[in-house]
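Colleague: structure, please.
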Amino acid sequence: MQNDKKYYLCDEVTGQIKYKTSKLLKNKIDENQRFVLHFDVDLNSHYFNSKSNSIEERKTFPAGSWVGGEYVVNLPEKTMLLWQGERYTVNDGTAELMVDQPGQHQVILIHPHYYTETRYIENPEAD
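Modeller: So this is what the prediction gives:
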(Lines give C-alpha, C1' and ligand atoms only; values in the text may rest on other atoms or scores of the structure.)
Protein backbone atom coordinates (compact mmCIF):
# COMPACT_ATOMS: atom_id res chain seq x y z
CA MET A 1 0.00 0.00 0.00
CA GLN A 2 1.38 3.38 -1.01
CA ASN A 3 1.69 6.13 1.57
CA ASP A 4 -0.28 9.17 0.35
CA LYS A 5 1.40 11.55 2.79
CA LYS A 6 4.20 13.92 1.86
CA TYR A 7 6.57 16.17 3.77
CA TYR A 8 6.16 19.88 3.13
CA LEU A 9 8.76 22.51 3.93
CA CYS A 10 6.73 25.42 5.29
CA ASP A 11 7.58 28.97 6.29
CA GLU A 12 6.01 29.61 9.71
CA VAL A 13 6.01 33.40 9.24
CA THR A 14 4.48 33.76 5.76
CA GLY A 15 2.64 30.45 5.48
CA GLN A 16 4.31 29.73 2.14
CA ILE A 17 4.88 26.08 1.29
CA LYS A 18 8.34 25.97 -0.27
CA TYR A 19 8.30 22.40 -1.62
CA LYS A 20 7.15 18.84 -0.94
CA THR A 21 9.06 15.58 -0.81
CA SER A 22 8.17 11.93 -0.24
CA LYS A 23 10.73 11.46 2.54
CA LEU A 24 12.05 13.67 5.29
CA LEU A 25 15.26 15.33 4.22
CA LYS A 26 18.14 15.98 6.58
CA ASN A 27 18.91 19.34 5.01
CA LYS A 28 19.50 22.23 7.34
CA ILE A 29 16.46 24.51 7.31
CA ASP A 30 16.04 28.12 8.34
CA GLU A 31 14.89 29.09 11.82
CA ASN A 32 11.33 29.96 10.75
CA GLN A 33 10.80 26.85 8.65
CA ARG A 34 9.57 23.39 9.49
CA PHE A 35 8.60 20.13 7.82
CA VAL A 36 4.95 19.11 8.07
CA LEU A 37 3.57 15.66 7.22
CA HIS A 38 0.28 15.92 5.30
CA PHE A 39 -1.73 14.25 2.56
CA ASP A 40 -0.65 15.16 -0.97
CA VAL A 41 -1.94 18.63 -1.97
CA ASP A 42 -1.31 21.15 -4.74
CA LEU A 43 1.24 23.72 -3.54
CA ASN A 44 -0.42 26.55 -5.47
CA SER A 45 -3.78 26.11 -3.77
CA HIS A 46 -2.63 25.56 -0.16
CA TYR A 47 -0.67 27.31 2.59
CA PHE A 48 0.65 26.52 6.07
CA ASN A 49 -1.43 27.90 8.94
CA SER A 50 1.00 28.38 11.84
CA LYS A 51 -1.83 28.96 14.34
CA SER A 52 -3.36 25.53 13.75
CA ASN A 53 -0.10 23.88 12.57
CA SER A 54 -1.90 22.55 9.53
CA ILE A 55 -1.92 22.85 5.76
CA GLU A 56 -5.09 24.53 4.54
CA GLU A 57 -6.67 25.54 1.25
CA ARG A 58 -6.15 29.14 0.12
CA LYS A 59 -9.11 31.50 0.26
CA THR A 60 -10.38 34.19 -2.09
CA PHE A 61 -10.31 37.86 -1.14
CA PRO A 62 -13.61 39.48 -0.13
CA ALA A 63 -15.45 41.71 -2.57
CA GLY A 64 -15.01 45.46 -2.33
CA SER A 65 -17.58 48.24 -2.55
CA TRP A 66 -17.72 51.87 -3.67
CA VAL A 67 -17.96 54.56 -1.01
CA GLY A 68 -18.05 57.90 -2.79
CA GLY A 69 -15.05 57.92 -5.12
CA GLU A 70 -13.17 55.23 -3.18
CA TYR A 71 -13.04 51.49 -3.71
CA VAL A 72 -13.02 50.00 -0.20
CA VAL A 73 -12.14 46.38 0.54
CA ASN A 74 -11.47 44.61 3.84
CA LEU A 75 -8.23 42.65 3.57
CA PRO A 76 -6.16 40.48 5.91
CA GLU A 77 -3.22 42.14 7.62
CA LYS A 78 -0.03 42.21 5.54
CA THR A 79 -1.82 41.94 2.21
CA MET A 80 0.36 43.47 -0.49
CA LEU A 81 -1.33 45.73 -3.05
CA LEU A 82 0.11 46.68 -6.41
CA TRP A 83 -1.71 49.88 -7.32
CA GLN A 84 -0.79 52.48 -9.96
CA GLY A 85 2.80 51.23 -10.20
CA GLU A 86 3.38 51.31 -6.43
CA ARG A 87 3.54 48.56 -3.81
CA TYR A 88 1.59 48.99 -0.57
CA THR A 89 1.11 46.79 2.50
CA VAL A 90 -2.24 46.75 4.29
CA ASN A 91 -1.65 46.89 8.05
CA ASP A 92 -5.05 48.02 9.33
CA GLY A 93 -7.34 45.56 7.53
CA THR A 94 -8.80 48.00 5.00
CA ALA A 95 -7.70 49.28 1.61
CA GLU A 96 -9.24 52.51 0.34
CA LEU A 97 -8.34 53.26 -3.27
CA MET A 98 -9.34 56.64 -4.66
CA VAL A 99 -10.44 56.44 -8.28
CA ASP A 100 -11.33 59.85 -9.71
CA GLN A 101 -10.42 59.19 -13.36
CA PRO A 102 -12.66 57.36 -15.84
CA GLY A 103 -11.63 53.94 -17.13
CA GLN A 104 -10.57 50.64 -15.64
CA HIS A 105 -7.77 50.63 -13.08
CA GLN A 106 -5.80 47.50 -12.19
CA VAL A 107 -5.12 46.47 -8.59
CA ILE A 108 -3.32 43.24 -7.66
CA LEU A 109 -3.92 41.66 -4.23
CA ILE A 110 -1.25 39.32 -2.81
CA HIS A 111 -1.27 37.38 0.48
CA PRO A 112 0.19 33.90 1.10
CA HIS A 113 -3.10 32.59 2.57
CA TYR A 114 -5.16 33.77 -0.41
CA TYR A 115 -5.16 33.28 -4.15
CA THR A 116 -3.36 36.18 -5.85
CA GLU A 117 -6.03 38.23 -7.57
CA THR A 118 -6.03 40.91 -10.25
CA ARG A 119 -9.04 43.21 -10.21
CA TYR A 120 -10.04 45.90 -12.67
CA ILE A 121 -12.04 48.59 -10.93
CA GLU A 122 -13.97 51.42 -12.50
CA ASN A 123 -15.65 54.21 -10.56
CA PRO A 124 -19.23 54.50 -11.83
CA GLU A 125 -19.26 58.19 -10.80
CA ALA A 126 -15.96 59.26 -12.44
CA ASP A 127 -16.27 61.53 -15.47
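
Colleague: now do stretch 71-83, average pLDDT.
Modeller: Average pLDDT, stretch 71-83: 95.

Colleague: and if you look at stretch 24-33?
Modeller: Rounded mean pLDDT across stretch 24-33 is 77.

Colleague: report the buried residues of it.
Modeller: Neighbour counts over stretch 24-33 (16 or more other Cβ atoms under 10 Å) mark no residue as buried. To be clear about C-beta, it is placed using only N, CA and C from the backbone, and glycine gets the same treatment.

Colleague: ranges for the strands of the chain?
Modeller: 5-11, 17-21, 33-39, 46-49, 54-57, 65-67, 70-74, 79-83, 86-90, 94-98, 105-110, 117-121 (DSSP state E).

Colleague: direction included, what does the third one pair against?
Modeller: Right, the one you point to is strand 33-39. strand 5-11 (antiparallel) (DSSP bridges).

Colleague: next, the distance between the ends of stretch 114-126.
Modeller: By Cα to Cα, to the nearest Å, the extent of stretch 114-126 from end to end equals 30 Å.

Colleague: and the contacts of it?
Modeller: 45, 58-61, 64, 66, 68-69, 71, 76, 79, 97, 99-110 (Cβ atoms under 8 Å, 6 or more residues apart in numbering).
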